[in-house]
Structures are given as structure tokens and as C-alpha cells.
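Participant: test case, fold it:
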Amino acid sequence: MRALERNKQTIYYALYEGKEPVLDEYGNETGEYEILYSSPTALRINVSAAKGESSTRPFGDTENYDKVLMTDDLSVPITETSILWIDSLDTLKPHDYIVKKVAKSLNSVSIAVSKVNVSA
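Facilitator: Numbering: from 1, shown residues only. All right, here's what the predicted structure looks like:
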């Protein structure tokens with residue numbers, strides 16, 4: 001599979017960088033953690049339409065996903081811990097997709113993503 005440039009659209013992704021403890025007003029750890037992500041990075045990639053028939057579901061029926069991102073760039077750094085901006089490209093707002101599964105083959109990478117509603 002070769003991804004044609006005209007079939008690609010711009011999305012943004014941020015990579016998981018770890019977590020740090022949340023501190024109270026006295027500097028003590030609260031037992032909660034804040035998840036840290038990298039700055040959003042633009043990526044041109046093929047984004048499928050909404051979920052299709054079972055014959056076009058590369059991840060099977062058991063994995064719950066809404067769209068599939070496909071690329072022939074095997075070095076794409078997106079993992080199951082990444083967050084994405086696909087429908088809304090305003091990276092100042094919360095992300096709108098999470099990664100459910102990454103499937104790498106010899107010549108391509110398919111990424112199953114699921115829509116989420118994140119409050120600011």
C-alpha cells in the first residue's frame with residue numbers, strides 16, 4: 001500500500017511523556033497524578049471514514065474503534081498512549097481521539113482510534 005498525498009489530511013498527535021504527582025497547597029503529594037504529553041505535532045496521514053463493514057475492519061469486531069489511520073511511514077511514533085486531534089485541529093482545546101491499537105505490517109502502519117469527549 002502506498003499512501004497518495006491527495007488522500008491524506010492533517011491531524012495532530014501528542015506522545016505520552018510520563019506522569020507527575022499533583023501537589024496540594026502545602027507541597028504535599030495528593031496521591032493523584034497529572035499525565036504529561038509532548039507538544040502537539042502535525043502529521044499528514046490517511047484517515048478512514050467512520051467504521052465500515054466487517055470485511056474492512058483490520059482489527060476485527062472485538063476492538064471498539066471509530067476510524068483507522070493508515071500510513072506507509074513505518075517510523076510514525078504514534079503508540080497506544082498517544083492522544084490525537086482529528087476532527088478538531090485546535091490544539092488549545094482538549095484532544096478528540098485516543099489510540100486503541102497500532103498494527104504494523106511489512107509496508108504500512110494501521111492505527112485504530114476512538115472518539116472521546118474530554119472536558120477542559
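Participant: where do the strands sit along the protein?
Facilitator: Counting by DSSP state E, the chain has strands at residues 8-14, 16-23, 29-37, 41-47, 67-71, 83-85, 97-104, 109-115.
Participant: show me where pLDDT drops low in the chain?
Facilitator: Along the chain, the parts satisfying pLDDT under 70 run over 1-2, 51-63, 120.
Participant: any chance of the backbone angles for the residue in the chain sticking out farthest from the centre?
Facilitator: In the chain, Tyr26 marks the outermost C-alpha relative to the chain mean, sitting 35.8 Å out by C-alpha atoms, centre = their mean. The phi/psi pair for Tyr26 (degrees, to the nearest 10) reads phi -100, psi 0.
Participant: check contacts around the spatially closest residue to Thr30 that is not a sequence neighbour.
Facilitator: Distances taken as C-beta to C-beta, 6 or more residues apart in numbering put Val22 closest to Thr30, at 4.9 Å, once the chain neighbours are dropped. C-beta: built from backbone N, CA, C; applies to glycine. By C-beta atoms under 8 Å, 6 or more residues apart in numbering, the residues touching Val22 are Glu29, Thr30, Glu32, Tyr33, Glu34.
Participant: many thanks, have a good one.
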